[in-house]
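Asker: Provided below for reference: sequence and predicted model.
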Amino acid sequence: MPDSAHILIVDDDQIANRIPDIVLLDVSMPEMDGYGVCRKLRKNESLDGLPIIFVSVRIDESERMKGFEAGGDDCLAKPVMPIELCWKVESILQWKRERAELKDNLGDAFSTAMTAMSTASEVGTALRFLRNSFQAENYFSPGRGLVSTLAGNHP
């Protein structure tokens, strides 16, 4: 974990103005519980992939399931032990970096696949032309074969 962390305390309307690296979300809040805030954050597409850790005094199995169902990534019990907090934050931030890298790699892989398919299509067209050329009965046939191949007619 970095030597220091920048802590930003905001209400739910301010989070979209300054997107954090991670959200520590208390389950018990006055107007809307943490699960509701989490669901609201998950609906905001600009916050896609934002890690959310719930913090609560109640951390039994059913509370953990509520957190995961709401879209949370992990839970911490109050009182929070600093070493556990640091470990979970670092672990989830590492997961976030790896996810972003995978998304980048997916984009590169898609681009490569599209190039390969385009190239394969061009090679297929050239092979069809060659096959048609070798079957030519006279000098005019390869020209007609080229026009036919480029037009997409596969004899």
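Answerer: Structure received.
Asker: Surely Ser28 is in a helix?
Answerer: No - Ser28 sits outside any helix when classified using DSSP: H, G, I helix; E, B strand; the rest coil, being coil.
Asker: Next, count neighbours for it.
Answerer: By the criterion of other CB atoms under 10 Å, Ser28 has 11 neighbours. Heads up, the C-betas are built off the backbone N, CA and C, glycines and all.
Asker: What distance do you get for the closest residue to it other than its chain neighbours to Leu85?
Answerer: The spatially closest residue to Ser28, leaving aside those adjacent along the chain, is Ser56, at 6.8 Å (CB to CB, 6 or more residues apart in numbering). Computed with CB to CB, to the nearest Å, the distance linking Ser56 and Leu85 is 14 Å.
Asker: any shared contact partners between the two?
Answerer: Taking CB atoms under 8 Å, 6 or more residues apart in numbering as the contact criterion, the residues that touch both Ser56 and Leu85 are Leu76.
Asker: Comparing these two, which shows the higher neighbour count?
Answerer: Neighbours per residue (other CB under 10 Å) separate Ser56 from Leu85, with Ser56 holding more: 20 against 16.
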